[in-house]
Structures are given as structure tokens and as C-alpha cells.
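*Asks:* Okay, here's the prediction I keep looking at, along with the sequence it came from:
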Amino acid sequence: MTTQYRGRSSATVRRARRTLDQDELRFLREMETTHLAGRVTDLYGETRHLKPMGGRAPMGEYLAEVWQRRHFIMRESRNKVLSRTNDTRLGPLWLVLSPILLAAFYWLIFGVVLGVSRGMDNFVAFIIIGILMFQFTSGTLSQSVRCIVSSKAMIKSFSYPRAAIPISLVIRELLAQVLIIVVMMVMILAIPPHVTISTVWLFVPVVLVLQTLINLGIAFFFARFGFKFPDVAQAMSFVVRVLMYASGVIFPVERFLDHPTALAIVKANPVYMILDAYRTILMENTIPDLSTWLGLAAWAVGLLSFGFIYFWQAEEDYARDER
């Protein structure tokens with residue numbers, strides 16, 4: 001049954017407000033003086049130490065929170081590495097096959113077709129080391145610009161230091177890179193002209209640690225930068241390509257750069273220094289110069305410190321929709 005309202009439509013009907021009488025007003029005033037309506041601090045204790053969810057903790061406390069979640073970060077990184085190729089028949093083998101096929105392609109184009117390998121004793125090892133070790137940095141760079149946006153649901157659901165996201169990304173790439181390094185060493189030993197194994201190869205993990213720290217600084221910086229400016233993600237393929245050609249990944253830059261200033265800038269590039277250190281150790285069985293170690297250490301400390309502080313300063317913004 002439908003109720004009809006005469007003189008006005010049902011859309012304009014408003015609920016009438018009821019005025020409280022004197023007894024009801026007196027009852028409310030009495031309630032205000034009882035223990036049931038005490039101050040919030042009386043009912044729930046001291047509140048001045050509470051902080052909003054997702055707020056930025058002081059630097060020392062923030063680092064402690066990251067360390068407390070180290071087991072979660074490792075487990076999450078390991079699971080993502082294993083699940084990356086679950087929908088393929090070859091599974092984790094693609095973690096190695098993809099960069100190997102890419103190295104073979106660049107060897108064919110630059111070594112065979114363009115003849116860049118002329119005058120080089122072992123261009124095969126040169127390009128294998130360059131491509132496979134550059135993948136660690138380029139993968140971190142490409143994914144870091146999207147890591148905050150892609151983790152938006154988890155950021156809004158849980159309270160945890162957001163630095164765990166880029167850290168997990170770098171650890172994930174590192175775990176995949178360890179397998180790639182083993183395959184790389186087997187390849188340069190097996191494919192002629194062969195390299196010879198030496199005790200100097202024990203310095204490879206040291207270079208890998210420095211590269212990991214540099215990658216972590218890059219990930220911190222671009223995680224916030226990509227969150228603040230989402231359009232940057234569309235240009236990252238171009239940035240990675242420029243970095244590859246400017247770092248001597250597929251050809252020796254000394255052959256094509258004769259300007260001393262330009263060559264000095266390229267050699268100061270941390271990616272160039274990393275690849276040069278790997279090639280010096282694996283191809284020449286020689287320990288890199290002290291200047292290389294100092295340069296890599298300076299880049300690692302500088303990029304990691306600046307990147308972490310830059311990321312930490314925007315901790316409160318990551319859970320917000322506006323940038």
C-alpha cells in the first residue's frame with residue numbers, strides 16, 4: 001500500500017525535528033557530569049603519545065622498524081622470484097634464458113654485423129658480462145618507478161615502513177642475479193676464446209655488494225620520484241637504453257669517444273665503473289685499481305644515503321591518493 005501526501009510530492013517530504021523538553025535537557029546535563037561521559041583521556045588513557053597511522057617515524061626508529069621486518073621482506077622477495085615465471089613451462093629457467101638470448105642478440109648485431117669486436121681479444125665475454133650484469137641495475141631502475149603505486153592496496157591496509165617495498169624489490173632482483181652470475185661464469189669459461197679461472201674471482205661478490213647498495217639507492221630515489229610523477233614510468237625504457245649505451249655495456253666506449261671530458265664523464269658513471277670492475281676481474285684476472293674501489297664506495301654511500309632520506313621524507317604521502 002502506498003501512502004499519498006497531499007499538496008507536496010514525496011521527494012520534498014522532510015522529517016520533522018522534535019524539540020527536547022525540560023526533563024530531557026536536564027537528563028543530558030546530568031550525564032555530562034557522570035563518569036560515563038568523562039574526558040577521552042580519562043576513558044582511554046593518555047593520548048598525546050599516539051600518532052596517526054602511516055605517519056613518519058624518526059630516522060632511528062624508522063630504521064629499527066625496517067630491521068624488525070627483515071624476515072617478512074626476505075620471504076616476500078623469495079616468493080615473488082619463484083612466482084615470476086609460474087605461468088610458463090620452463091619456469092625459473094626464463095630468469096636465465098631471457099638475458100642470455102639478449103646477450104646473443106647484441107653479440108650478433110654489434111660483434112658480427114657491425115664488426116665492433118674487431119681488435120678485441122674476447123668480445124664474447126665482454127658482451128656477456130656487460131648484458132647480464134647490467135640487467136641487475138636496469139631491472140631495478142625499471143621497476144622502482146612503479147613499486148609504490150603497484151603496492152597501493154597493501155600500503156592502505158597495513159602499517160609498516162614503506163622502505164620495505166624498494167628493499168624487497170632490490171633483494172628480489174639480487175636473488176635472481178645470483179643464478180645469472182653462476183651461468184655467466186660458466187658461459188665465459190666454456191665459450192671460446194675461453195677465460196681462465198683465478199682466485200681474483202673472489203672479488204666478484206665484493207663488486208656485487210657495491211652494485212646492490214647502488215641499486216638500492218636508485219630504487220629509493222625513483223620509488224618516490226615515480227610516485228610523485230607517474231609519467232616518468234613511460235620514459236624509463238628510454239632512460240635505460242641511454243644508460244646502456246653510455247655505460248659501455250655492448251661496446252668499449254674508448255673506441256667511439258675521443259673527447260677527454262666526455263670520456264671522463266662516462267667513466268665516472270657508476271654503471272660503467274661496475275661493469276669495468278667485473279670485466280677486469282673475470283677477463284683479465286686482475287684486481288681493479290684503488291680508484292675504482294673508492295669510486296664505487298663513494299657512489300654506494302652517496303646514492304644510498306641520499307635515496308633513503310629522499311624516500312623517508314615522503315613516508316606520510318604514500319598512503320594518500322593525492323601526490
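*Replies:* Received the coordinates, thanks.
*Asks:* going forward, measure contacts and count neighbours with C-alpha atoms only.
*Replies:* Fine.
*Asks:* Around G139, how many other residues sit close by?
*Replies:* When neighbours are counted by other C-alpha atoms under 10 Å, G139 registers 15.
*Asks:* so which helix or strand takes in the closest residue to N122 other than its chain neighbours?
*Replies:* Beyond its immediate neighbours in the sequence, the residue positioned closest to N122 (C-alpha to C-alpha, 6 or more residues apart in numbering) is P193, lying 6.0 Å away. Taking DSSP states H and E as the criterion, no element holds P193; it sits outside all helices and strands.
*Asks:* Need phi/psi at P193.
*Replies:* Reported as degrees, to the nearest 10, the phi and psi values for P193 are phi -70, psi 130.
*Asks:* do the one 5 residues further on as well
*Replies:* The phi/psi pair for S198 (degrees, to the nearest 10) reads phi -150, psi 160.
*Asks:* Next up, the contacts around the residue nearest to it when sequence neighbours are not counted.
*Replies:* Spatial nearest neighbour of S198, excluding adjacent residues (C-alpha to C-alpha, 6+ apart): N285 at 6.2 Å. Neighbouring residues of N285 by C-alpha atoms under 8 Å, 6 or more residues apart in numbering: 196-198, 200-201.
*Asks:* Next, format the residues you listed as TSV and append pLDDT, distance to V186 and secondary structure.
*Replies:* Rendered in TSV, the data for those read as follows (pLDDT from 0 to 100; distance: C-alpha to C-alpha, whole Å; DSSP: H, G, I helix; E, B strand; the rest coil):
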residue	pLDDT	distance to V186	secondary structure
T196	89	11	coil
I197	92	10	coil
S198	92	13	coil
V200	95	16	helix
W201	95	13	helix
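*Asks:* Name all residues that make contact with the residue nearest to N122.
*Replies:* Taking C-alpha under 8 Å, 6+ apart as the criterion, P193 is in contact with 121-122, 124.
*Asks:* how about 10 Å then?
*Replies:* Shown here is P193, whose contacts under the criterion C-alpha atoms under 10 Å, 6 or more residues apart in numbering are 121-125.
*Asks:* which one of those residues has the most neighbours?
*Replies:* With neighbours defined as other C-alpha under 10 Å, the most crowded of these is A125; it has 24 neighbours.
*Asks:* my guess is it meets V249, correct?
*Replies:* No - contact status for A125 versus V249: not in contact, 11.5 Å apart, counting by C-alpha atoms under 10 Å.
*Asks:* Need the residues touching each of those two.
*Replies:* Where contact means C-alpha under 10 Å, 6+ apart, the residues bridging A125 and V249 through contact with each are I131.
*Asks:* give me the number of residues near D231?
*Replies:* Using other C-alpha under 10 Å as the criterion, the residues surrounding D231 number 11.
*Asks:* Sticking with the nearest residue to P161 once chain neighbours are set aside, tell me its helix or strand.
*Replies:* Nearest in space to P161, with sequence neighbours left out and distances taken as C-alpha to C-alpha, 6+ apart, is V66 at 6.1 Å. With the criterion set as DSSP H and E, the secondary-structure element containing V66 is helix 59-68.
*Asks:* Please spell out which residues along that helix are buried.
*Replies:* Neighbour-count burial for helix 59-68 flags 62, 65-66 (criterion: 16 or more other C-alpha atoms under 10 Å).
*Asks:* Check stretch 166-178 too.
*Replies:* Judged by neighbour count using 16+ other C-alpha under 10 Å, the buried positions of stretch 166-178 are 166-174, 176-177.
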